[in-house]
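1. Let's see this in three dimensions:
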Amino acid sequence: MVNMGCVKDQNTVGVGPWGGPGGNHFDDGTYDGVREITLTSGDCIDSIQIVYEKNCKPVVAPKHGAGGGHNTAQIKLQFPEEFLKEVSGHYSPLNGQSGNPYVRSLKFKSNMRTFGPFGVEQGTPFSLPMQGGKIVGFKGKSGWYLDAIGFHITPLKPM
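-> Residues are numbered from 1 along each chain as shown. Next up, the predicted model:
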């Protein structure tokens, strides 16, 4: 059996970010897990907002990005049984322009299902696959769009 619920693990590691140098730095910190993700997209990922789990209570993080985009997606995980174990996507400048890249697409994989891709799968691909771990926080850069994205990960603990 694996412990995925309301227990904090001190062995978190930050990875990434992938994307461009623009925008303002954000770091949501580390939590017990991810409950929900809401994102807007069009030609890129316009915004992302996460609801985490901390001490058996939901915690709504700030929205990162401006939230334009004509598509809205809401991912609801069956926490604590379901957890994020992989994120992949693409980043590049918009529409072949020169300049800073943005996160163009995101795809999330839990231990039970796959969500996405959201946005446009164009540009440089990235992937964070994990065996025996889960995502417990998001970090990156944002302004008008999601400029870059990274994660805090922690190992799963056997019970």
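2. surely F108 meets F115?
-> Yes: with contact defined as Cβ atoms under 8 Å, F108 counts as touching F115 (4.5 Å). Using the backbone N, CA and C atoms, a C-beta is placed for each residue, glycine as well.
3. what is in contact with the two at once?
-> By Cβ atoms under 8 Å, 6 or more residues apart in numbering, F108 and F115 have these common neighbours: 37, 75.
4. Point me to the helix or strand that includes the residue nearest to the spatial centre of the chain.
-> The chain has F138 as the residue nearest its centroid, 5.5 Å off, counting by Cα atoms, centre = their mean. Using DSSP states H and E, F138 maps to strand 133-142.
5. my read: I153 touches T30, true?
-> No: the criterion here is Cβ under 8 Å, and I153 misses it with T30 at 9.2 Å.
6. Each with direction, which strands does the strand holding F138 pair with?
-> With DSSP bridges as the test, strand 133-142 is paired with strand 24-27 (antiparallel), strand 146-155 (antiparallel).
7. Could you list the low-pLDDT ranges of this protein?
-> 1-10, 67, 96-97, 158-159 (pLDDT under 70).
8. Could you report the neighbour count for G29?
-> As a burial measure, G29 scores 14 neighbours (other Cβ atoms under 10 Å).
9. Let me know the distance separating it from Q49.
-> Noted for G29: a distance of 15 Å to Q49, by Cβ to Cβ, to the nearest Å.
10. Same question for H25.
-> 17 Å.
11. quick one: which of those two has more around it?
-> More crowded of H25 and Q49, by other Cβ under 10 Å: Q49, with 19 against 11.
12. Okay, the more buried one and T72: tell me how far apart.
-> Distance of Q49 to T72, computed by Cβ to Cβ: 11 Å.
13. what do those two both touch?
-> Applying Cβ under 8 Å, 6+ apart, one finds that Q49 and T72 are jointly contacted by 38-39.
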